[in-house]
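Novice: Quick one, fold the following:
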Amino acid sequence: MLRAYLVSRWGEDPWARGSWSLIGRGGSPQDRRALGLPVGGRLRLAGEATHPARAGMTHGAYEQGLEAAAWAAGLGHGRVAVIGAGMAGLAAARRLRDLGVHAEIWEARDRLGGRAAGIDLDGACFDLGANWLQQYAHNALARIAEAAGLRTAPTDFADPLILTGAPPPAGAEAAVRERLAAAPAGAAVADALGPLLADEGIRRYVDAEIVMDSGAPLTWLSARHGFEPGVGEGDRWIVGSYRLLVDHLAEGLTVHLSRPVPRLTVTGDGVHFLDQHADAAIVTAPVGVLAGGGITFDPPLPAAHREALGRLGMGRVEKVVLRFTDRFWPPAVSGYYRVHGPGPGSISEWLDATATDGVPTMVGLVAGPWLEELWAGSDAEVAGRAAALLTGACG
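Specialist: Here you go, the predicted model:
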């Protein structure tokens, strides 16, 4: 019996407009570099979308925040406004403070963390957004978590227990990667794979490794650059949620919550917004917000930045946390499960989070065309459908 639940709404969230950034057809990692270049000497965009090698990951955002802070301090700015209290914003403000620069964060939400959203449920705290410390051995946030004494649990994405469907056949990965690598510049995944997608085994691989990792239409996602690295490199999740790490990073910082910044004006004497003035601003809003006009820049962003935004986009992978009175799913050494279906392109993966406090808990990540139907209605309706999917897969 379902006893409690949480449901994400990243696709509808006005301060996210998706789950993480991706490279669309016609784009390349150069667009990420271009988006992160300083706009003159008083404005810079930073976040996971501007990292050419660690995009879509919290430590990529953190590293870009540090780089932006070093830029602002290096120019001698004494007062810097940081827009957004996600990982990039927290990193920038902390580094600026350490460098003797006055920094304040302006956050649209009523909480810290951005797309790292630790939410209380049924006596515990769970992540509705970022869940893992990826590339763990080389992850700066992992080192901070260790120093703070946070407990983590490993997840082996390469060894999920498949509850419905079957593992992709041998050779599926090689066939897909060969086609993607040989795709013409500007091609989408669907263009590159073409008739291969009609093969059931190939489709299972694509659903598990591309759709699940991107949450984007294959007709839009770049064939050459949409399949970015990061997942499955020693990933660990924080027991007690990312909020423990967020709160640690925010300690001692000045943060103004529930203060969206709809407009930034850059003049010769600084940056003006709301009723504030700063020498410079570091903007860490997600690509979906920037491309969707969530912040107006005066003067407008340079053409190179706008063109980069036009080739980048946001995927949509939603999450549901389900707490049960009794455990009904089989054990899995990896603690990870996969459900294919109900149709092509629809996929869900599940993390057994019972280790949080001993209460039977599954955290589901859901992607694919069925999201429009599965995520319709109230949170209770969504949770009910997700629970039925999981119980049916285990039955």
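
Novice: Let me see the ranges of the helices in the stretch 251-395 of the chain.
Specialist: Secondary structure of the stretch 251-395 of the chain by DSSP state H, counting those that start in this stretch: the helices cover 287-291, 303-311, 371-374, 379-394.

Novice: Send me the second one as PDB with only the CA atoms.
Specialist: Okay, so that is helix 303-311. The C-alpha trace of helix 303-311 is given here as PDB (Å, rounded to 0.1, in the frame of the first residue of the first chain):
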ATOM      1  CA  ALA A 303      24.700  37.300 -30.900                       C
ATOM      2  CA  ALA A 304      27.100  34.500 -30.100                       C
ATOM      3  CA  HIS A 305      25.300  33.900 -26.800                       C
ATOM      4  CA  ARG A 306      21.900  34.000 -28.400                       C
ATOM      5  CA  GLU A 307      22.900  31.600 -31.100                       C
ATOM      6  CA  ALA A 308      24.300  29.200 -28.500                       C
ATOM      7  CA  LEU A 309      21.000  29.300 -26.600                       C
ATOM      8  CA  GLY A 310      19.200  28.500 -29.900                       C
ATOM      9  CA  ARG A 311      21.200  25.300 -30.300                       C
END
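
Novice: The residue nearest to residue 379 when sequence neighbours are not counted - how many residues pack around it?
Specialist: Nearest residue to residue 379, sequence neighbours excluded (CB to CB, 6 or more residues apart in numbering): residue 7, at 4.2 Å. C-beta coordinates here come from the backbone N, C-alpha and C atoms, glycine included. Other residues lying near residue 7 total 19 when counted by other CB atoms under 10 Å.

Novice: Residue 7 against residue 383, yeah?
Specialist: Yes. Applying CB atoms under 8 Å as the test, residue 7 and residue 383 come out as touching, 5.8 Å apart.

Novice: Give the residues shared as contacts by these two.
Specialist: Listed as contacting both residue 7 and residue 383 by CB atoms under 8 Å, 6 or more residues apart in numbering are residue 320.

Novice: Measure how buried the residue lying closest to residue 333 once chain neighbours are set aside is and give me the count.
Specialist: Of all residues not flanking residue 333 in the chain, residue 159 sits nearest, at 6.9 Å (CB to CB, 6+ apart). Per other CB under 10 Å, the neighbour tally for residue 159 reads 12.

Novice: Please apply the same query to the one 4 residues further on.
Specialist: Residue 163 has 20 neighbours, counted by other CB under 10 Å.

Novice: who's in contact with it?
Specialist: Residue 163 touches 329, 337-339, 393-394, counting by CB under 8 Å, 6+ apart.

Novice: Who are the contact partners of residue 67?
Specialist: Per CB under 8 Å, 6+ apart, neighbours of residue 67: 36, 46.

Novice: how close does it get to residue 289?
Specialist: Residue 67 sits at a distance of 20 Å from residue 289 (criterion: CB to CB, to the nearest Å).

Novice: Low-confidence stretches in the chain?
Specialist: Applying pLDDT under 70 to the chain flags the ranges 230, 232.

Novice: need the contact list for residue 155.
Specialist: Listed by CB under 8 Å, 6+ apart, the contact set of residue 155 reads 132, 235-237, 334-336, 351.

Novice: Pull out the buried positions in the helix or strand containing residue 96.
Specialist: Residue 96 is part of helix 87-98 when elements are defined by DSSP states H and E. The neighbour-count check on helix 87-98 (16 or more other CB atoms under 10 Å) flags 87-97 as buried.

Novice: what's that helix packed up against?
Specialist: helix 58-74, strand 79-83, strand 102-106, helix 243-250, strand 280-283 (3 or more CB pairs under 8 Å, 6 or more residues apart in numbering; DSSP states H and E).

Novice: Quick check: residue 148 vs residue 142, distance?
Specialist: According to CB to CB, residue 148 and residue 142 sit 11 Å apart.

Novice: which of the two has more neighbours?
Specialist: residue 142 (23 against 13).

Novice: Next, count neighbours for the residue lying closest to the more buried one once chain neighbours are set aside.
Specialist: Counting by CB to CB, 6+ apart, residue 133 is the residue found nearest to residue 142 once chain neighbours are left out, at 4.6 Å. Using other CB under 10 Å, residue 133 has 26 other residues around it.

Novice: coming back round to it: please name whichever of the helices and strands packed on helix 87-98 is nearest to residue 257.
Specialist: Nearest to residue 257, of all those, is strand 102-106, at 8.9 Å by CB to CB.

Novice: what's the residue lying closest to residue 239 once chain neighbours are set aside in contact with, if anything?
Specialist: Sequence neighbours aside, residue 151 is the residue nearest to residue 239 in space, at 4.4 Å (criterion: CB to CB, 6+ apart). By CB under 8 Å, 6+ apart, the residues touching residue 151 are 238-240.
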